[in-house]
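Q: Just need the structure, nothing else, for what follows:
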Amino acid sequence: MYQMLCVLVATIAYGTATGYCQGSQAGMTAVTFQSSTYSDMRQLLAREATTGAVTVKAYLGFPEQVRDRYPAVIIVHTIAGYRDANEGYAAAELRKAGFATLTYDSFAARGTTGAALQGSSGYLPVGVADAYAALRLLSGEPRIDADRIAIIGFSYGGEVAHLTAFETLRSALNPGHNPGSGRFGAHVAFYPGGNFGVFG
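A: Residues are numbered from 1 along each chain as shown. So this is what the prediction gives:
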């Protein structure tokens, strides 16, 4: 599955995506999941209590081909937040290839922007927390194969996809091992910063 995702997303990233636009709601189901906001990585890794839950609005889409259960991909946005021409386009192409998709905007859910959060100590923990909350949502969806859920991200989202591969963060955010393995089936990080490789 990993190799297929890499080839597909490389085609999307370097293909002729210019000018493509897809409405967020077109053929998609609006869903929500609960996540948390962490002030920094230390708070997340120490499993300290957060100030409260955050409701993240997301869009879940399925391929036209009918199957009992689908592999799925969570698509994490860039610093600019969710955009139809980027994450929406990638999601549409992945659905054509047979994957269910989930897209959302971590910054909008918190009433801010990536530019406003960039450089703060809580900048990346919110993305990682949302990714695992999205994984729990999809793992509980009967139409999704919980053992075949991948994460793909671009830039900021690439760093989130990278960080979610580390066991220390997975253990801190998914200690109960909810439905499925509690792990992503694949991590595809497009141009991540890579500054947090020391965790692991």
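Q: right, and the helix or strand after the least confident helix or strand in the chain by mean pLDDT?
A: Here the helix or strand of the chain ranked lowest by mean pLDDT, DSSP states H and E is helix 2-14, holding a mean of 49. Using DSSP states H and E, the helix or strand that directly follows helix 2-14 along the chain is strand 29-36.
Q: Which positions in whatever helix or strand comes next after that next one come out as buried?
A: Moving toward the C-terminus from strand 29-36, the next helix or strand (DSSP H and E) is helix 41-45. Neighbour counts over helix 41-45 (16 or more other CB atoms under 10 Å) mark M41, Q43, L44, L45 as buried. C-beta: built from backbone N, CA, C; applies to glycine.
Q: Show me what the helix or strand following helix 41-45 packs onto, helices and strands only.
A: Moving toward the C-terminus from helix 41-45, the next helix or strand (DSSP H and E) is strand 53-61. Packing contacts for strand 53-61, counted by 3 or more CB pairs under 8 Å, 6 or more residues apart in numbering; DSSP states H and E, involve strand 29-36, helix 89-96, strand 100-104, helix 106-109, helix 123-139.
Q: C-alpha coordinates for the following helix or strand past the shortest one, CSV please?
A: Pointing back at helix 106-109 there. Counting by DSSP H and E, the element after helix 106-109 in chain order, helix or strand, is helix 114-117. Only the C-alpha atoms of helix 114-117 are listed here, as CSV (Å, rounded to 0.1, in the frame of the first residue of the first chain):
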residue,chain,number,x,y,z
GLY,A,114,-1.1,28.7,10.3
ALA,A,115,0.7,32.0,9.9
ALA,A,116,-0.6,33.1,13.4
LEU,A,117,0.5,29.8,15.0
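Q: From the chain's centroid, how far away is stretch 36-56?
A: The chain centre lies 17 Å from the centre of stretch 36-56; the measure is CA atoms, centre = their mean, to the nearest Å.
Q: And that stretch, what's buried?
A: Buried, per 16+ other CB under 10 Å, within stretch 36-56: S36, T37, Y38, M41, Q43, L44, L45, T50, V54, V56.
Q: For the last one, give its distance to Y191.
A: This means V56. Separation of V56 from Y191 (CB to CB, to the nearest Å): 24 Å.
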